[in-house]
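K.L.:
got a predicted model here, sequence first, then my questions.
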Amino acid sequence: MKPWLELAEHQRWLQTQSELLLTFGMSCGLPAGGAAYLDVDGIPDPDKPVHVWITSRMVHVYALGHLLGIPGCRPVAERALAGLTGRMRDQSGGGWFAAVDDAGPVDDAKVCYTHAFVILAATSAFQAGLVGASTLLEDATGVFLERFWDEDTGLCVDTWDSSFETLDPYRGINANMHAVEAMLATADVTGDPTWLERAARICSFVATQAATNNWRIAEHYDSSWVPVPEYNDGHRDDPFKPYGATVGHALEWSRLLLNLEAAAVNAGLTSIIELADWSSTAKSLFARAVADGWAVDGNEGFVYTTDWDGVPVVRDRMHWVVAEAAAAAAALWTRTRDPLYVTWYQRWWDYIVATVADPTAGSWHHQLDPADRPISTIWPGKPDIYHAFQATLFPRLPLAPTLATALASNMLH
């Protein structure tokens, strides 16, 4: 039997899953601009503000949907994009507020994580031909380079106050991870290899740090980039900055390293190709995440976090972790053709269909307890479809270029 990743029938099944997810999120676009936080049924939650990170993700996703030729996606992307070019943009102070409501900003911090997603949204919108995307990309990359990229360290700072006057001493890997994602996409759209070189500097730091820590990635640092291993010990299940090692991020990084390697090969950038053994590091991160996180307490599913010895800390299952696991397995199979990764890929999709996907209300349950029952203590509702949707696309596209550029170049299979 051929592996699923080589079957046309499986590719068609993934396409169906893409379409189902897009249908679920169609109501996210708001008349005033931006994308709403969605409840369990895909209905905008009126009690939640309009977040830049959700809005940017939905611009990205529905721009990809438009590039897939799915009717109805372009208007959703346009409404969400209007939020980034309108009320979510700080017209006087620069950058983007973290969240707004109808009265204005409700969180006026300027955060690297959200700004990285604005860049990603702009690149996908540009490839989809959306009006205003080119200007948005120019503005977003300008703010990013001026405020968040630290050329001396080759890493990104994390959070400014609203006026860009006070920089928080915290430094974080999560923001840098999504900055790499945005940098790879920007390199594809602009043709500027400097973005790949910046991404490689971040990836090299993470790879070196993980190699000295038994392939568990330290997430939290002080202003000098010294790890703070006990950060958030009092709030261990934080949705963005949890305590300990985040299993899903190791999986996400494993894929990103292969995306970077492939992009560098395509661009002929030998300096990046020779900088590290990207595939070996990707395999090590993947293996550590699976050993620490998958079905370690008697039930299938990935735990959210572990301590520095690999002991589970937060045992709840987050949908995005298994989405990234499936994407990483597909990437590693593409890179290595090792059947081990096909085995994991197929097992995780079986688990997603049986447990994580919601056949009644649609989309995926965002959080499950250790017994794989849906709960909502960390992630109420189903805020967006970004991770799940990308998991349906990565197996059908090459490791490089990035998703929107690959779709615009008719590389889907």
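P.N.:
Now that the structure is in, tell me what you want to look at.

K.L.:
can you pull out the helices in the stretch 201-350 of the chain?
P.N.:
Applying DSSP state H, counting those that start in this stretch to the stretch 201-350 of the chain gives helices spanning 247-267, 270-273, 278-293, 319-336, 339-351.

K.L.:
could those helices go into TSV alongside mean pLDDT, distance to residue 217 and mean neighbour count?
P.N.:
Quick note: C-beta positions are derived from backbone N, CA and C, even for glycine. Putting the helices of the stretch 201-350 of the chain into TSV (pLDDT from 0 to 100; distance: least, Cβ to Cβ, whole Å; neighbours: other Cβ atoms under 10 Å) gives the following:
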stretch	mean pLDDT	distance to residue 217	mean neighbour count
helix 247-267	98	6	25
helix 270-273	97	20	15
helix 278-293	98	7	22
helix 319-336	98	13	25
helix 339-351	98	20	18
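
K.L.:
among these, which comes closest to residue 370?
P.N.:
helix 278-293 (12.3 Å; Cβ to Cβ).

K.L.:
now the helices of the stretch 201-350 of the chain as a markdown table including distance to residue 174?
P.N.:
Shown next, in a markdown table, are the helices of the stretch 201-350 of the chain (distance: least, Cβ to Cβ, whole Å):
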| stretch | distance to residue 174 |
| --- | --- |
| helix 247-267 | 7 |
| helix 270-273 | 23 |
| helix 278-293 | 15 |
| helix 319-336 | 12 |
| helix 339-351 | 22 |
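
K.L.:
quick one, which of these is nearest to residue 165?
P.N.:
helix 247-267 (30.3 Å).

K.L.:
which other helices and strands contact the closest one?
P.N.:
Helices and strands touching helix 247-267, by 3 or more Cβ pairs under 8 Å, 6 or more residues apart in numbering; DSSP states H and E, are helix 173-190, helix 194-211, helix 270-273, helix 278-293, helix 319-336.

K.L.:
angle of the last one against helix 278-293?
P.N.:
Read it as helix 319-336. 140 degrees (axes from the mean of the first three to the mean of the last three Cα atoms, to 10 degrees).

K.L.:
for helix 319-336, the distance to its chain's centre please.
P.N.:
13 Å (Cα atoms, centre = their mean, to the nearest Å).

K.L.:
got a markdown table for the helices and strands packed on helix 247-267, with distance to residue 131 too?
P.N.:
Listed next are those as a markdown table, based on distance: least, Cβ to Cβ, whole Å:
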| stretch | distance to residue 131 |
| --- | --- |
| helix 173-190 | 16 |
| helix 194-211 | 24 |
| helix 270-273 | 34 |
| helix 278-293 | 37 |
| helix 319-336 | 31 |
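
K.L.:
between these, which gets nearest to residue 249?
P.N.:
That would be, of those and by Cβ to Cβ, helix 173-190, which comes in at 6.4 Å.

K.L.:
return the set of buried residues in the closest one.
P.N.:
In terms of neighbour count (16 or more other Cβ atoms under 10 Å), helix 173-190 has its buried residues at 173-189.

K.L.:
and of the helices of the stretch 201-350 of the chain, who's closest to residue 84?
P.N.:
Closest of the helices of the stretch 201-350 of the chain to residue 84 is helix 319-336, at 22.0 Å (criterion: Cβ to Cβ).

K.L.:
tell me the helices and strands packed up against the closest one.
P.N.:
By 3+ Cβ pairs under 8 Å, 6+ apart, helix 319-336 packs against helix 247-267, helix 278-293, helix 339-351, helix 386-393.

K.L.:
and those helices: which comes nearest residue 17?
P.N.:
Closest of the helices and strands packed on helix 319-336 to residue 17 is helix 386-393, at 4.6 Å (criterion: Cβ to Cβ).

K.L.:
same question for that closest one, mean pLDDT?
P.N.:
Averaged across helix 386-393, pLDDT comes to 98.

K.L.:
ok, stretch 120-128 next?
P.N.:
If you average the pLDDT over stretch 120-128, you get 99.

K.L.:
got a list of contacts for it?
P.N.:
55-57, 59-60, 63-64, 66-67, 74, 77, 80-81, 84, 132-134, 136-137, 140-141, 178, 181-182, 185-186, 188-189, 402-405, 407-408 (Cβ atoms under 8 Å, 6 or more residues apart in numbering).

K.L.:
make it 6 Å
P.N.:
56, 59-60, 63, 66-67, 81, 133-134, 136-137, 140, 182, 185-186, 189, 404-405, 408 (Cβ atoms under 6 Å, 6 or more residues apart in numbering).

K.L.:
same question, stretch 369-386
P.N.:
Counting by Cβ under 6 Å, 6+ apart, 21, 25, 37-40, 45, 54, 57-58, 61, 237, 239, 297, 299, 301, 315-316, 355, 363, 365-368 sit against stretch 369-386.

K.L.:
helices - which of those residues land there?
P.N.:
21, 54, 57-58, 61 (DSSP state H).

K.L.:
separate out the buried members of the contacts of stretch 369-386.
P.N.:
With neighbours counted by 16+ other Cβ under 10 Å, these contain buried members at 21, 25, 37-40, 54, 57-58, 61, 237, 301, 315-316, 355, 363, 365-368.

K.L.:
now the end-to-end length of stretch 295-308.
P.N.:
From its first residue to its last, stretch 295-308 covers 18 Å (Cα to Cα, to the nearest Å).

K.L.:
let me know which of the helices of the stretch 201-350 of the chain is the nearest to residue 50.
P.N.:
Taking those one by one with Cβ to Cβ, helix 319-336 is closest: 20.5 Å.

K.L.:
how far off centre is stretch 37-47?
P.N.:
21 Å.

K.L.:
which residue packs closest to residue 60, ignoring adjacent ones?
P.N.:
residue 124 (4.4 Å; Cβ to Cβ, 6 or more residues apart in numbering).

K.L.:
that neighbour: neighbouring residues, count only.
P.N.:
By the measure other Cβ atoms under 10 Å, the count of residues near residue 124 is 33.
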